[in-house]
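A.B. asks: turn this into a model:
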Amino acid sequence: LDEEEDADVNPLGHFWIEGDSLAPPCQAELDVVNGILDLAAPYITPESTLYDLGCGDGRICTEASRRFNCKSIGCEIEPHLIERFRNNVQRLNLADKVKVVQGDLLELELDQLGVIVVYLLPESVELIRSKLIGALERGSVLIFNTWGLKGIPHKAKATSGFADNCNLFLYDASCLS
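C.D. replies: Modelled structure (predicted):
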């Protein structure tokens, strides 16, 4: 995904109605995607799986699979974003690495160890908190974009975005003690 392709990803994002979504109405900017993957890099191998919850057009999944040769699973409910995600997976020849899940992320099982990327509203995180804690206990790493995991200290923090205006938080099992 390049900057020109990025310009029209969600032209109606600014028409978001509070309460109608689990995630913010905008995609992570490309430099934020790179910041997330830089933070994840020590934890990803070709045997790893990266999850992106509320993945939008799948940009984190496709870039992770390209950069690290890992598997990735993106879950999104919006049909126009799923279509774009599937098109990008095909265009980039990543069908053997990237799984597109169209559905409710509240029902997604986080059963594979790896990195879980979360860019959800804080109240949405609370809905899947037990799943996220369970994933940490099993050895997965969580990376939060903008909002962290309430009440749990993060292991690392980075900033990203065009003006370093986006906070990224990393959690692993050691954060639970």
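
A.B. asks: show me the helices in this structure, by range?
C.D. replies: Assigned by DSSP state H, the chain shows helices spanning 3-6, 30-40, 59-68, 79-91, 122-127, 129-138.

A.B. asks: which one of the ones you listed lies nearest to residue 105?
C.D. replies: Closest approach to residue 105 among these (C-beta to C-beta): helix 122-127, 8.5 Å. Quick note: C-beta positions are derived from backbone N, CA and C, even for glycine.

A.B. asks: any stretches of the chain with poor pLDDT?
C.D. replies: Across the chain, the ranges flagged by pLDDT under 70 are 1-20, 25.

A.B. asks: picking that back up, could you identify which of the helices of the chain is most buried?
C.D. replies: Of all the helices of the chain, helix 59-68 has the most neighbours on average by mean count of other C-beta atoms under 10 Å, namely a mean of 23.

A.B. asks: packing partners of that helix?
C.D. replies: helix 30-40, strand 49-53, strand 71-76, helix 79-91, strand 98-102 (3 or more C-beta pairs under 8 Å, 6 or more residues apart in numbering; DSSP states H and E).

A.B. asks: now do the buried residues in the last one.
C.D. replies: Neighbour-count burial for strand 98-102 flags 98, 99, 100, 101 (criterion: 16 or more other C-beta atoms under 10 Å).

A.B. asks: hmm, who's touching that strand?
C.D. replies: Residues outside strand 98-102 that contact it (C-beta atoms under 8 Å, 6 or more residues apart in numbering) are 58, 61-62, 65, 71-77, 79, 82, 85-86, 89, 108.

A.B. asks: kindly report the same for the third one.
C.D. replies: By C-beta under 8 Å, 6+ apart, the list of residues contacting strand 71-76 from outside reads 48-56, 58, 60-62, 64-65, 82, 85, 97-103, 105, 108, 112, 114.

A.B. asks: buried set for that strand?
C.D. replies: 71, 72, 73, 74, 75, 76.

A.B. asks: tabulate the buried residues of strand 98-102 (TSV), appending distance to residue 160.
C.D. replies: TSV is the format used below for those (distance: C-beta to C-beta, whole Å):
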residue	distance to residue 160
98	22
99	25
100	25
101	25
